[in-house]
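A.B. asks: whatever this is, show me its structure:
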Amino acid sequence: MTSSTITQLQRSGYTVSRAARELGLKRSEFDLAVHLGQIRTVPDEGGGGRRVSRSEVDRLRATGGFPDSLRQRVRLVGTTEGAEAMEISIGRFTRLARLGLFSPVRFYLNRYRAVVWLYLADELEEFTAVEENTPLLTARRMPEGLRDMLDEGVDLRARNWRGRHRGFLLRLAEDPWESAGALAAFLDPAQIAELVPDPYERSHLGRFRPRPPAHGAQGSPAAHLIEKIMTADDPAEIAWLRTELAQVLDDARRFRPAPRPATRLTPPALPPGEPAPLEPSRGLLGWLRRRSA
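C.D. replies: As a prediction, the model looks like this:
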């Protein structure tokens, strides 16, 4: 193997599936580690997608306690397991999550189309270890202000998940159009149409709008529920997204205007009495008709 080939291999690094094996992670664990910024990836210049440099794999393998420490940082738990780890009831765990005191990092729909939120085990342990949080875990009743929020139906789980997922998408964005697409992914079509009235620009933006991380058959109740989770519904969240998207779109337009169909030139006006040139197809048919007359 030549030195140039070796250098190229070092530069190209690993595919994501190979990197996951090198790091002893399941593919879902690897994807989450990338999502959380714990594994740095680079664009695959050869075939699209992402790759992991060899130096990044070496860095992670050199960390203390590898690979168990890396697996622990991406270990997910649901409500039941999370409540057990925090030594609280499932009901209290759910109330704390609804109040946004810790945030989910993933979700899926079970067979009954109920949303199952997943949390980082490490973050729950950190929350439990903070002394100021002890009353929230042990007191008979929640503080009055928090009780009022729960009585009003506050549930910040979806909003907090959107915030985390938006950060992940923005970290992966390589140019302003990709950043704009990441922001647009959390706004409904009516909001996008209002912000981007030009249909060609709106169509171009749509190419960079990521799909939701969970999927359902198009038009199915599951797909509608996933879309609802993905779409901002809080006025403050919507206002922030609109402001950010408008600013990023200005950058994107300067970076590269959205493509448009080629403009068809209008032929110049002919002098009075001069016959108009015939279009090739119609002209040929007309010439043949006149010739056979």
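A.B. asks: ok, now how distant is the nearest residue to residue 52 once chain neighbours are set aside from residue 31?
C.D. replies: Closest residue in space to residue 52, ignoring its immediate chain neighbours: residue 19 at 3.8 Å, by Cβ to Cβ, 6 or more residues apart in numbering. The way it works is simple: take the backbone N, C-alpha and C, and place the C-beta from them, glycine included. Distance of residue 19 to residue 31, given as Cβ to Cβ, to the nearest Å: 11 Å.
A.B. asks: more crowded one of the two?
C.D. replies: With other Cβ atoms under 10 Å as the criterion, residue 19 and residue 31 differ in neighbour count, and residue 19 comes out ahead with 24 against 17.
A.B. asks: for the more buried one, what is the enclosing helix or strand?
C.D. replies: Applying DSSP states H and E as the criterion places residue 19 in helix 16-22.
A.B. asks: a helix runs through residue 211, doesn't it?
C.D. replies: No. Counting by DSSP: H, G, I helix; E, B strand; the rest coil, residue 211 falls outside a helix, being coil.
A.B. asks: state the distance from it to residue 172.
C.D. replies: 14 Å.
A.B. asks: which of these two has more residues huddled nearby?
C.D. replies: Shown here are residue 211 and residue 172; by other Cβ under 10 Å, residue 172 has more neighbours (15 against 9).
A.B. asks: point to the residue nearest the middle of this structure.
C.D. replies: residue 169 (4.3 Å; Cα atoms, centre = their mean).
A.B. asks: list the buried residues in the longest helix along the chain.
C.D. replies: When the chain is scanned for its longest helix (criterion: DSSP state H), the result is helix 235-255. In terms of neighbour count (16 or more other Cβ atoms under 10 Å), helix 235-255 has its buried residues at 237, 238, 241, 242, 244, 245, 248, 249, 252.
A.B. asks: which helices and strands sit right next to that helix?
C.D. replies: Using 3 or more Cβ pairs under 8 Å, 6 or more residues apart in numbering; DSSP states H and E as the contact test, the elements touching helix 235-255 are helix 176-184, helix 189-195.
A.B. asks: what's the most buried one of the ones you listed?
C.D. replies: Most buried of these by mean neighbour count (mean count of other Cβ atoms under 10 Å) is helix 176-184; its value is a mean of 23.
A.B. asks: returning to that earlier point: just checking, what packs against whichever helix or strand comes after the helix holding residue 19?
C.D. replies: Downstream of helix 16-22, the first helix or strand assigned by DSSP H and E is helix 27-35. On a contact count with 3+ Cβ pairs under 8 Å, 6+ apart, helix 27-35 meets helix 16-22, helix 68-73, helix 157-172.
A.B. asks: let's see it at 7 Å
C.D. replies: helix 16-22 (3 or more Cβ pairs under 7 Å, 6 or more residues apart in numbering; DSSP states H and E).
A.B. asks: what helices or strands is the helix it packs on leaning on?
C.D. replies: Checking 3+ Cβ pairs under 7 Å, 6+ apart, helix 16-22 ends up next to helix 27-35, strand 50-52.
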